[in-house]
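Chemist: give me a model of this one.
(one chain, ligands or ions: 1)
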Amino acid sequence: MVQQQMTQEKKYPLLLGIESSCDDTSAAVVRGCELLSNVIASQAVHSAYGGVVPEMASRAHQQNIVPVVSEALKRAGVSVHDLDGIAFTAGPGLLGSLLVGVNFTKGLHLALGTPLISVNHLRAHVLAHFIYEPGEEHQSPEFPFLCLLVSGGNSQIIKVNSPYDMEVVGQTIDDAAGEAFDKCAKVMGLGYPGGPIVNKLANEGNPLRFQFSKPQIKGLDYSFSGLKTSFLYTLRDELKENPNFIEENKADLCASLQKTVIDILMGKLLKATKQYQINRVAVAGGVSANTGLRDAFADYASRYGWQIFIPKFAYTTDNAAMVAAAGYFSYLAGDFASRDLVPFVRTTLKENL
Ligand code: KG4
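Modeler: Reported below is the predicted structural model:
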């Protein structure tokens, strides 16, 4: 037994993951894709401003990063000297936030000589489907599969050919799905981030009560700016007649908004499954926490014979577990980063991951 455990420990590298691309400071330890710890410090400071304030985010990362990394190592029961590599988010994200994680990682690397592994945040969201916890029965998607990546900054359909080969086959041409939730929530005065609040209210509302415009975009691309405008115009017109319109119709507004976003997302995803003849379909990113979207996946699975992969709630929003797991695949490929690496803020529209 001890022998077996030692072989296992030798076979899979022990990696630390660090995530600091936006407003969550997170560190995780994995052995291969087995998760030993995942610590996240979220930044409540932004809620008073209705969105992430970049300068405040970087300052909070600076305060959080040392305790978060220490806690992740402690919970995993490992020392920093045991690590075979340090995987970190190199981008895309907020520059000031990324710089904190990247420079902290470089500091560790200089002190310990541990190899650096640079991770694309979007790729990490997709590879979150390969994380498993000790003793857990886990089914990862076989390749190729399609992944709907939906967050506050991205709405993409990705054809995942392997951990190293991901093709963006559809992408928003303006706002992201999460942004649509957040902006519409903001005009209703619902607080930030709006997505989870809209989701909660939607559970009590009538999704067929209001109709909002849906985009007519060719191919597999998305657009959410028209929906946002149509939502805004509905409120503007109704408020002229009734100043209490939002308060009196909050749940129905949220349910109808959520239904429209989900219809848009699922429509293009269905088209992609047909176009590529792939029925293994995953969802990732912050908006994948949406219970309406999760229900829609289950519904499409039974209607169209999809095999679906839905992440645990802990791996939907930004977390270092996914960064460490993505780092494992780079480690296997011998893909290490140089200490001259600079973080990147954006990936271009159709760039492969
Ligand atoms: O992936 P994420 O944590 O951060 C990045 O954007 O990178 O995603 C955050 C987004 C926000 O727009 C938030 O409102 C949305 O995910 N979100 C949700 C839900 N939970 C988070 N949107 C709809 N329903 C939810 N339950």
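
Chemist: what is the neighbour count of the closest residue to the ligand within the stretch 201-350 of the chain?
Modeler: Here the residue of the stretch 201-350 of the chain nearest the ligand is residue 286; by C-beta to the nearest ligand atom that distance is 2.0 Å. Any C-beta I mention is one placed from the backbone N, CA and C, and that applies to glycine too. Residues near residue 286, counting by other C-beta atoms under 10 Å, number 25.

Chemist: how about the contacts made by it?
Modeler: 150-152, 178, 193, 195, 316-318 (C-beta atoms under 8 Å, 6 or more residues apart in numbering).

Chemist: hmm, 6 Å instead?
Modeler: Counting by C-beta atoms under 6 Å, 6 or more residues apart in numbering, residue 286 touches 151-152, 178, 316-317.

Chemist: do residue 136 as well
Modeler: Contacts of residue 136 (C-beta under 6 Å, 6+ apart): none.

Chemist: that one: what secondary structure?
Modeler: For residue 136, the assignment made with DSSP: H, G, I helix; E, B strand; the rest coil gives coil.

Chemist: look up how far the ligand lies from it.
Modeler: In this view, residue 136 and the ligand are 23 Å apart by C-beta to the nearest ligand atom, to the nearest Å.

Chemist: next: residue 24.
Modeler: 7 Å.

Chemist: what does that residue show for phi and psi?
Modeler: phi -120, psi 130 (degrees, to the nearest 10).

Chemist: quick one: contacts for the residue nearest to it when sequence neighbours are not counted?
Modeler: Spatial nearest neighbour of residue 24, chain neighbours left out: residue 318 (4.3 Å); criterion: C-beta to C-beta, 6 or more residues apart in numbering. Residue 318 makes contacts with 19, 22, 24, as judged by C-beta under 6 Å, 6+ apart.

Chemist: who is the first one paired with across the strands?
Modeler: According to DSSP bridges, the partner residues bridging residue 19 are residue 26.

Chemist: pretty sure it sits against residue 26.
Modeler: Yes. Taking contacts as C-beta atoms under 6 Å, residue 19 lies within contact range of residue 26: 4.3 Å.

Chemist: any shared contact partners between the two?
Modeler: Joint contacts of residue 19 and residue 26 (C-beta under 6 Å, 6+ apart) are residue 320.

Chemist: quick one: contacts of the helix or strand where residue 86 lies?
Modeler: Using DSSP states H and E, residue 86 sits within strand 85-91. When contacts are defined by C-beta under 6 Å, 6+ apart, strand 85-91 is touched by residues 15-19, 21, 98, 101, 105, 108, 114-115, 117-119, 121, 323-324, 327, 331, 343-344.

Chemist: again, 7 Å this time
Modeler: 13, 15-21, 98, 101-102, 105, 108-109, 114-121, 124, 323-324, 326-327, 331, 341, 343-345 (C-beta atoms under 7 Å, 6 or more residues apart in numbering).

Chemist: with just CA atoms, put that strand into PDB.
Modeler: Written as PDB, here are the backbone C-alpha positions of strand 85-91 (Å, rounded to 0.1, in the frame of the first residue of the first chain):
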ATOM      1  CA  GLY A  85       6.000  23.200 -10.800                       C
ATOM      2  CA  ILE A  86       4.000  26.400 -10.300                       C
ATOM      3  CA  ALA A  87       1.200  27.100 -12.800                       C
ATOM      4  CA  PHE A  88      -0.100  30.600 -12.900                       C
ATOM      5  CA  THR A  89      -2.700  32.600 -14.900                       C
ATOM      6  CA  ALA A  90      -0.800  34.700 -17.500                       C
ATOM      7  CA  GLY A  91      -3.900  36.200 -19.000                       C
END
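
Chemist: give the buried residues for it.
Modeler: Residues of strand 85-91 classed as buried: 85-91 (neighbour count, 16 or more other C-beta atoms under 10 Å).
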